[in-house]
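Chemist: what shape does this take:
(one chain, ligands or ions: 1)
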Amino acid sequence: MRKLIGPKKIKTAVFISGKGSNLKNLIQFSKLKNYPFSVDLIISNTNQAKGLKYSKQYKIKKKIIKYDKKIKSDQKILYFLKQKKIKLICLAGFMKILSNNFIKKFQGKIINIHPSLLPKYKGLNTHFRAIKNREKFSGCTVHYVTPKLDSGKIILQKKVKISSKDNHSSLAKKILKKEHLIYPAAIKKILS
Ligand code: GRF
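Modeler: Numbering: from 1, shown residues only. The predicted structure follows:
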């Protein structure tokens, strides 16, 4: 990806489906001088996503695209991305699988945060599965998005110790804290 020249920030879209704690965190980091991106567009596949409230709070444009009919949805999203001159897409709890065509069009410019130490525990229910398998560690990973689910090149990872007292929600909380550290750091890493 091109190096950042001067104070210009790379325009970013964040895709969400839920709470949006990563979205909020990315917005806050983006306002810091030494983080080379700005959040200019929020995309959600549902109007029920709690994180949509950050659109109003931070005055960032939002678009809700159901992503049921993939080709039409792709076209709509691509239109909004172009309109806003978006150069980087950050998936943050986006629960839809983007079409291969869309991923190809934005190749190398879509990244995702996943709550496990990839390549372990791709897909859903990562914390539950890690505990069930008596793993000593879990964590989170920021990676490039490719057509193969949760399999693109890893940008950053952070390990978290699983204690015997952890259940999936305590582990999720611990990992989310680390997600909030590595997601902005990963963006900085690929843009600097
Ligand atoms: C995070 O755990 C992230 O790793 C996963 O979805 C969750 C989103 O959380 N992909 P939030 O909506 O950012 O709070």
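Chemist: from here on, just use CA atoms for contacts and neighbour counts.
Modeler: OK.
Chemist: any idea how many residues pack against Lys72?
Modeler: When neighbours are defined as other CA atoms under 10 Å, Lys72 has 12 of them.
Chemist: what about Asn25, how many neighbours?
Modeler: The burial count for Asn25: 15, using other CA under 10 Å.
Chemist: distance check, it against Gln75.
Modeler: 28 Å (CA to CA, to the nearest Å).
Chemist: cool, Lys188 as well?
Modeler: Distance from Lys188 to Gln75, by CA to CA: 29 Å.
Chemist: so Ala130: helix, strand or coil?
Modeler: Three-state call for Ala130 (DSSP: H, G, I helix; E, B strand; the rest coil): helix.
Chemist: was I right about it contacting Lys122?
Modeler: No. Using CA atoms under 8 Å as the test, Ala130 is too far from Lys122 to be in contact (11.0 Å).
Chemist: would you say Gly123 is within a helix?
Modeler: No. Counting by three-state DSSP, Gly123 is not found in a helix; it is coil.
Chemist: so what's it up against?
Modeler: For Gly123, the contacting residues are 149-150, by CA atoms under 8 Å, 6 or more residues apart in numbering.
Chemist: let me know the secondary structure of the closest residue to Ala130 other than its chain neighbours.
Modeler: Nearest non-adjacent residue to Ala130, counting by CA to CA, 6 or more residues apart in numbering: Ser138, 6.8 Å away. Following three-state DSSP, the label given to Ser138 is strand.
Chemist: equivalent analysis for Lys24, please.
Modeler: Assignment for Lys24 (three-state DSSP): helix.
Chemist: buried ones in the longest helix anywhere in the chain, by neighbour count?
Modeler: With secondary structure taken from DSSP state H, the chain has its longest helix at helix 168-191. The neighbour-count criterion (16 or more other CA atoms under 10 Å) identifies 168, 171-172, 174-176, 178-188, 191 as the buried residues of helix 168-191.
Chemist: those helices in the protein, which residues are they?
Modeler: 21-30, 53-58, 70-83, 100-105, 126-132, 168-191.
Chemist: reformat those as CSV; add distance to the ligand and mean pLDDT.
Modeler: Listed next are those as CSV, based on distance: least, CA to the nearest ligand atom, whole Å; pLDDT from 0 to 100:
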stretch, distance to the ligand, mean pLDDT
helix 21-30, 4, 98
helix 53-58, 12, 98
helix 70-83, 20, 94
helix 100-105, 17, 94
helix 126-132, 9, 98
helix 168-191, 6, 98
